[in-house]
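1. Next one to model:
(one chain, ligands or ions: 3)
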Amino acid sequence: MTETPVDDVRRKAIVMSGTGGIWQVRASDGDTLDISMRGRLKKGEDGLKLTVGDSVMLDQEAPGGSWAIAEIVPRKSQLARRMPGGGHGERIVAANVDQVMIVFAAAKPEPHVRMLDRFLVIAEGNALEPRIVINKIDLVDEDAARERFKDYTAAGYSLNFTSVKKQIGLTELHAVLAGRTSVLSGPSGVGKSSLLNGMYPGLNLRVGEISESVNKGRHTTVGAVMHPLPDDGFVVDTPGLREVGMWGMPSEHLDACFPEFRDLIDQCRFADCTHLIEPDCAVREAVAASQISSERYESYAKLRGELAETEKKWATMKTGSYDAKKRGR
Ligand SMILES: Nc1nc2c(ncn2[C@@H]2O[C@H](COP(=O)(O)OP(=O)(O)O)[C@@H](O)[C@H]2O)c(=O)[nH]1
Ligand SMILES: [Mg+2]
Ligand SMILES: [Zn+2]
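-> Ligands and ions are numbered 1, 2, ... in the order given. Got it, this is the predicted structure:
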């Protein structure tokens, strides 16, 4: 059963969690180790900072000695939190992610579609496939719940409707997670931990924790934790995902983050159409003809405004007036 190490002195592993320079990694033979990085890597000379989900090579300084992370294998994808100005302050939430599961409750707490759209844009902006999970359907009429989220089906998203309490949709969701690395996101209290426990009883995650709102600052520094699944997949639990911004995204890229807009963008009269005020805008025409949901369009308009605001602020900082203000304090 045990996989042979890559060679006598090197082993392949995946980073599961990490704090204060000590990383918990899972070797390909299933061993879990608490280890640190070789000094050379700590400085990030290859421009990569280690994060949960990273695939790494371990080695031993001397035969029989302790293992350390010697190399980070290039990522195939990542979920990043970006700050204005490109690389500035970029923080990677998780690496090698296959899909982002966005979990909302059908009720308790009431789903906010504006917030759902924000989560979708974060995933789209990172070129990751989002999927939507609507949990707690035992609290509402299932048909009404499907009707309520029909804009998302129309936009091309896959939805799973679940109830941990009544054991609805768990087998389907389980199949979606198997063999893949998924980031679980969504507001607190929607049942993310309950869903994972329902599908994988061995995980024993704490339910009903209000960690996210109470200890926000602390939890964002602690960061994401990855759990291995019995069927070869991984699930990343990220307490702070709500804080993961899309604020670094250039505002002109936002339209492409709404899949139902994509085919129309080229049909606007102006190549740089913002889809807010221009004449002959194919996106607004589609909204007027009810081919695009006006709710989704409202989300777009609101987020576009936010991104433009951030860009303006950032431009002011760059020109030095921000520094001048700071010195004046
Ligand atoms: N009625 C109902 N309650 C649920 C369901 N799933 C979770 N809950 C409850 O919702 C609360 C929050 O669940 P939790 O898993 O901690 O949510 P998380 O913050 O998203 O991880 C707990 O009291 C759960 O018992 C469900 O399908 N139906
Ligand atoms: Mg939880
Ligand atoms: Zn347009």
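2. Now do the residue in the stretch 101-250 of the chain positioned nearest to ligand 2, the pLDDT please.
-> Closest contact between the stretch 101-250 of the chain and ligand 2, by Cβ to the ion, is at residue 193 (3.3 Å). C-betas here are computed from N, CA, C, even on glycine. Residue 193 is assigned a predicted lDDT (pLDDT) of 90.
3. you'd agree it is in a strand?
-> No. Assessed with DSSP: H, G, I helix; E, B strand; the rest coil, residue 193 is helix; it does not lie in a strand.
4. Touching, it and residue 199? I think so.
-> No. Using Cβ atoms under 8 Å, residue 193 is not in contact with residue 199; the gap is 11.2 Å.
5. what helix or strand is residue 93 on?
-> Per DSSP states H and E, residue 93 falls inside strand 91-95.
6. any idea what sits nearest residue 308, other than its immediate chain neighbours?
-> residue 251 (5.1 Å; Cβ to Cβ, 6 or more residues apart in numbering).
7. Residue 128 now?
-> Sequence neighbours aside, residue 100 is the residue nearest to residue 128 in space, at 5.1 Å (criterion: Cβ to Cβ, 6+ apart).
8. any idea how far the one you found is from residue 122?
-> 8 Å (Cβ to Cβ, to the nearest Å).
9. Can you work out which residues contact both of those two?
-> Each of residue 79 lies in contact with both residue 100 and residue 122 under the rule Cβ atoms under 8 Å, 6 or more residues apart in numbering.
10. Starting from the strand holding residue 93, tell me which strands it pairs with and how they run.
-> strand 78-81 (antiparallel) (DSSP bridges).
11. in this protein, which segments are predicted with low confidence?
-> Scanning the chain with the threshold set as pLDDT under 70 gives 1-8, 20, 40-48, 82-90, 209-223, 239-247, 318-329.
12. go again using 80 as the cut-off
-> Along the chain, the model assigns pLDDT under 80 to residues 1-9, 19-20, 38-48, 81-91, 209-223, 238-248, 314, 317-329.
13. Buried residues in the strand ranked longest in it, which are they?
-> Assignment by DSSP state E gives strand 10-19 as the longest strand of the chain. Buried residues in strand 10-19, counted by 16 or more other Cβ atoms under 10 Å: 11-18.
14. Show me what counts as buried in the helix or strand containing residue 235.
-> Assigned by DSSP H and E, residue 235 belongs to strand 234-237. Along strand 234-237, these residues count as buried under the neighbour rule (16+ other Cβ under 10 Å): 234-237.
15. can you check stretch 102-110 too?
-> So stretch 102-110, judged by 16+ other Cβ under 10 Å, has buried residues 102-106.
16. now do stretch 174-194
-> Residues of stretch 174-194 classed as buried: 174, 176-177, 180-194 (neighbour count, 16+ other Cβ under 10 Å).
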